[in-house]
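In: pasted the sequence and its predicted model underneath.
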Amino acid sequence: MSELLSRVQEPIPNLLDPAIVQSIADDVWTSLVGDGEVLVPLPVPAPEVTVSAWVQITGPWCGAVVVTCDEPTAKALTECLLRARPPVVIEPEDVADALGELANVLGGNVKAALPGPSTLGLPETGPTPPATRPDDLCRVDAQWRGQYLTITVQGAVPAPHAERNEVPL
């Protein structure tokens, strides 16, 4: 049982706080989105339909860094990341790639701030993955160009012990 308890990871609020995540996001926004673009740490109401991109971090702390916004915001972010000038056709694959790249760079910077060594998974996109451990969550609610955007660093449920099929408490 002590082996099982030792596998339960330190929750992310003990490792990072929202100010660190905001600082990481500020740096990423300047370099990827644009010099004059800012992510304002003032929450706005969440839209009914959102899109997300995330990357998994595996190491002493396991979880994901998730970027969530609405579709028009994701498209506008894509235009900024591609440095596109209207009129331009932005395909859904472009939006998935751009949002995934944003999650990847944010995730890499978060990984660097965590105890290591850790690995970073490939970006994924889709519906927002649920936060399974409310005690293992660091969230920055913000707005970009007045629109909803959130960055969540959320822990994963540790895998059951393969030999005994145990689930951590």
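Out: In hand now; what should we look at?

In: so where do the strands sit in this structure?
Out: 39-40, 51-58, 63-69, 119-120, 124-126, 137-144, 147-155 (DSSP state E).

In: sheet-wise, list the partners of the last one with their directions.
Out: Put plainly, it is strand 147-155. Sheet pairing for strand 147-155, assigned by DSSP bridges, gives strand 63-69 (antiparallel), strand 137-144 (antiparallel).

In: can you tell me which of these is most buried?
Out: strand 63-69 (a mean of 26; mean count of other CB atoms under 10 Å). Every residue, glycine included, has its C-beta placed from N, CA and C.

In: hey, which helix is longest across this protein?
Out: What stands out as the longest helix in the chain, according to DSSP state H, is helix 92-113.

In: how about that helix: buried residues?
Out: 94-107, 109-111 (16 or more other CB atoms under 10 Å).

In: mind giving me the packing neighbours of it?
Out: The elements that helix 92-113 packs onto, with contact taken as 3 or more CB pairs under 8 Å, 6 or more residues apart in numbering; DSSP states H and E, are helix 18-28, strand 51-58, strand 63-69, helix 71-81, strand 119-120, strand 124-126.

In: output the contacting helices and strands for the first one.
Out: Taking 3+ CB pairs under 8 Å, 6+ apart as the contact definition, the neighbouring helices and strands of helix 18-28 are strand 39-40, helix 92-113, strand 137-144, strand 147-155.

In: can you redo the strands paired with strand 147-155 as TSV with mean pLDDT and distance to residue 9?
Out: Shown next, in TSV, are the strands paired with strand 147-155 (pLDDT from 0 to 100; distance: least, CB to CB, whole Å):
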stretch	mean pLDDT	distance to residue 9
strand 63-69	96	8
strand 137-144	94	13
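
In: could you dump those strands to JSON lines with distance to residue 48?
Out: Output for the strands paired with strand 147-155, formatted as JSON lines (distance: least, CB to CB, whole Å):
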{"stretch": "strand 63-69", "distance to residue 48": "13"}
{"stretch": "strand 137-144", "distance to residue 48": "16"}
